[in-house]
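A.B. asks: Sequence first, predicted model second:
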Amino acid sequence: MGWNIKKQSVMEIGIDFFVDTNVLIYAMEGQRRVADILRCSPGISVISEVELLGKQKYSVKTPDAIIAATAKAFNLPLVTADKDFKKIKDIEVVLLD
């Protein structure tokens, strides 16, 4: 089975640079110099999303943070029966009863 995936450069998708998690935390804390830098088009890794969702914002377990960050990175809803995901406001959660 062959995959026909077109590789895109970061310039084609509009990313100027990648930022580390600590830079994002500084911006969230209101450090103006860092916030000014982020007005460009930074790339944010899924690992940074995991760190921010899991530890900084919502205090969820690491596996749950990885799942939530993946849903956020792909901009897809997360279907789950785990009610703990409802506290993560950065993603759309479809909760099964």
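C.D. replies: Thanks, I have the structure now. Residues are numbered from 1 along each chain as shown.

A.B. asks: all contacts plus neighbour counts: C-alpha atoms, from now on.
C.D. replies: Will do.

A.B. asks: is Val19 in a bridge, and if so with what?
C.D. replies: For Val19, the beta-bridge partners under DSSP bridges are Ile44.

A.B. asks: Could you check how many residues crowd around Leu52?
C.D. replies: When neighbours are counted by other CA atoms under 10 Å, Leu52 registers 19.

A.B. asks: ok, it to Asp90 distance?
C.D. replies: 11 Å (CA to CA, to the nearest Å).

A.B. asks: With Asn75 instead?
C.D. replies: 10 Å.

A.B. asks: Double-check Val19 against Cys40; I have them as touching.
C.D. replies: No - under the criterion of CA atoms under 8 Å, Val19 is not in contact with Cys40, lying 11.2 Å apart.

A.B. asks: Among those two, which residue is more densely surrounded?
C.D. replies: Between Val19 and Cys40, counted using other CA under 10 Å, the more crowded position is Val19 (15 against 12).

A.B. asks: all helices of this protein, in order?
C.D. replies: For the chain, the helices defined by DSSP state H cover 21-28, 32-37, 46-51, 62-73.

A.B. asks: Residue ranges in this protein under the pLDDT threshold?
C.D. replies: For the chain, the stretches with pLDDT under 70 are 1-13, 55-56.

A.B. asks: got the contact list for the most centrally placed residue in the chain?
C.D. replies: The C-alpha lying nearest the average C-alpha coordinate of the chain belongs to Glu49 (CA atoms, centre = their mean; 3.4 Å). Neighbouring residues of Glu49 by CA atoms under 8 Å, 6 or more residues apart in numbering: Ala69, Ala73.

A.B. asks: ok, it to Leu96 distance?
C.D. replies: The value you get for Glu49 to Leu96, if CA to CA is used, is 24 Å.
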